[in-house]
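Colleague: Could you work out the structure for the sequence below:
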Amino acid sequence: MNTLHRIALLTITLVLCAPRVQAAVFEIEGVALIEESLPRAREAALQNAKEQAAKRLADATQPADPAGSKDVATAGMTTADAKIGQTVVLREWQDDNTYHVLIAVNPDWISDSSANGPHPFRKKITAVPFNVQKPFQTDDIDNISAGFPLELSRRLENGGQFLTSISQYAISPGTNGPSTDADAIKRIALMYDSQFVVSGEILDVGDTKEGGYLGFFQHKRRRLEVEIYLYDGLSGALLARHRLDNSAVIENRTDRSMAFASASFFATSFGQVIDKSLESATGLLAWDIDKLPFAAKIIRINNDGIYIDAGSSSLVAVGDKLMAYHLKPTSISGLGPNSNFGAPDTAAGFVSVIQVRSKFSICTLPESDQIFNLKVGDMVRFEPAAPHPH
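Modeller: Numbering: from 1, shown residues only. This is a model prediction of the structure:
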C-alpha cells in the first residue's frame, strides 16, 4: 500500500525505563486504510508504526538544530535504515475502513542482542493452568485453560532463552487478578525446579454483532481478553502483569474437535486471534525475564564442591563464574496482610563451574569463610556486571 494512503496518527506512551540504558519501552499505534485486503492493511499499519518508532528514536538522538534544518539521512529514514529494537504487537482492531496495530518497542533490545551477544543462560519457567472467568464462552474451544499456557511455554522455549515446564496445579487468582498466595507459587517453583512461575486469566472470549442494516448483513466479532502474570519463584512476588485484547470478525468457527493450537485451530478466524495474543505474550515475558539475573539452587554440598540444579541444558559451561548466596531463614514483612517481601541473603563469594552434566553442575567452594553458612536450598546467581566467559 502506498505510504500516502496511510494515516499517521499515533499515541506514544512511556511505560517503563530500562535499568541499563537511558531508554524506555514505549507503545505506538500504526494505522492504514483497508483498500485491497486485511493482510495488506495489517502489514501497512505495522510498517506505519515501525516508521514512526524509528523517527521518534532518531529525533530523540539528534542534537537540536536552531536553524530548523533537517538531516538528509534522517529525512528518508525507514525501518530498513535504522534499528528500533524488538517490537511486540499488543493489540489489533478495525475501525470503519482503517486497520489499527498497537505495538510496544524496546530500544534496549539492540544493546542486549548485539553488544552482549546471546543470553548466557537459559532460565527456567513453569506455567500453570489459566483461570477462565466465563467458562460458558469457551464451549467451542478444546481446553483453553491448559492449552494457552502449554502453547505459551512451547513458544518461550523455542526462542532458545528458556527451559519450560507445565504444572498440573493451578493458582487461585486474587480479587484484583494476580494471586496473593505466595506460598502456593513458591511450592510450584520448588516442585518443578523453576526460577519463575507464569499464570493468567482468560477474561473474555465473547462475541458481538456489528454492521448491517435493519438487522440484515450483520457479522460477528469475537474478542480474546487475557491477563498474564509473572512471579518470582523464590519469594512468590508478582514481577509483571500484562493485559492483551485482540478481536476479529468470525468467518469460520472453532470446534472442540480441533486440538488447541493445532494447524486446523489456527486456520480459524478466532484461532488467529489467539495466535496473535500468544505471540505478544511470548515477547512481553521475554522482555520481562531478560532484565532479571539467572539463578540456580544449591542441591548438594560436599568436598567435591557445590552442586547446582542447572547444567548444559541451561547453557552452563565449565569456567562460568557465579556468586553464591546464603538465604536467611527469616523473611522481611511489611505492615499489610500480604506484604511479604521475601528473604534477605548474604553473598558468600564467587564460585567457578568445574564440571557440567545435563541437568546439574559442580562448582568450586568459595574461598570466603561464608562457605560455612551455605546450605542446600541456597542460591547461585550470575551477576550481569561480571564478564561472561563464553
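
Colleague: Tell me which stretches of the stretch 201-350 of the chain form strands.
Modeller: 207-210, 219-232, 238-249, 295-302, 305-308, 321-327, 345-356 (DSSP state E, counting those that start in this stretch).

Colleague: following the worst-scoring helix or strand of the chain on mean pLDDT, which helix or strand shows up next?
Modeller: Counting by mean pLDDT, DSSP states H and E, the chain has its least confident helix or strand at strand 13-17, which shows a mean of 33. Using DSSP states H and E, the next helix or strand after strand 13-17 towards the C-terminus is strand 24-33.

Colleague: Partner strands of that next one and their direction?
Modeller: Using DSSP bridges, the strands paired with strand 24-33 are strand 6-7 (antiparallel), strand 13-17 (antiparallel), strand 98-106 (antiparallel).

Colleague: the longest helix in this structure is where?
Modeller: helix 38-61 (DSSP state H).

Colleague: Hey, what's the angle from it to strand 238-249? Just curious.
Modeller: Orientation check (axes from the mean of the first three to the mean of the last three Cα atoms, to 10 degrees): helix 38-61 against strand 238-249 gives 140 degrees.

Colleague: For stretch 186-206, list every residue counted as buried.
Modeller: Across stretch 186-206, burial judged by 16 or more other Cβ atoms under 10 Å covers 186-189, 192-205. No exception for glycine: its C-beta is placed from N, CA and C like everyone else's.

Colleague: now do stretch 125-134
Modeller: 125-132.

Colleague: Cross-check the contact I'm expecting between residue 326 and residue 349.
Modeller: No: applying Cβ atoms under 8 Å, one finds residue 326 not in contact with residue 349, separated by 10.4 Å.

Colleague: ranges for the strands of the stretch 51-200 of the chain?
Modeller: Going by DSSP E, counting those that start in this stretch, the stretch 51-200 of the chain shows strands at 86-95, 98-106, 123-127, 131-132, 162-166, 196-204.

Colleague: mind giving me a markdown table with these and columns for mean pLDDT and distance to residue 266?
Modeller: Formatted as a markdown table, these follow (pLDDT from 0 to 100; distance: least, Cβ to Cβ, whole Å):
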| stretch | mean pLDDT | distance to residue 266 |
| --- | --- | --- |
| strand 86-95 | 76 | 16 |
| strand 98-106 | 83 | 19 |
| strand 123-127 | 97 | 19 |
| strand 131-132 | 96 | 20 |
| strand 162-166 | 96 | 20 |
| strand 196-204 | 97 | 17 |
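
Colleague: Including distance to residue 36, could these go into CSV?
Modeller: Shown next, in CSV, are the strands of the stretch 51-200 of the chain (distance: least, Cβ to Cβ, whole Å):
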stretch, distance to residue 36
strand 86-95, 14
strand 98-106, 11
strand 123-127, 39
strand 131-132, 37
strand 162-166, 39
strand 196-204, 31
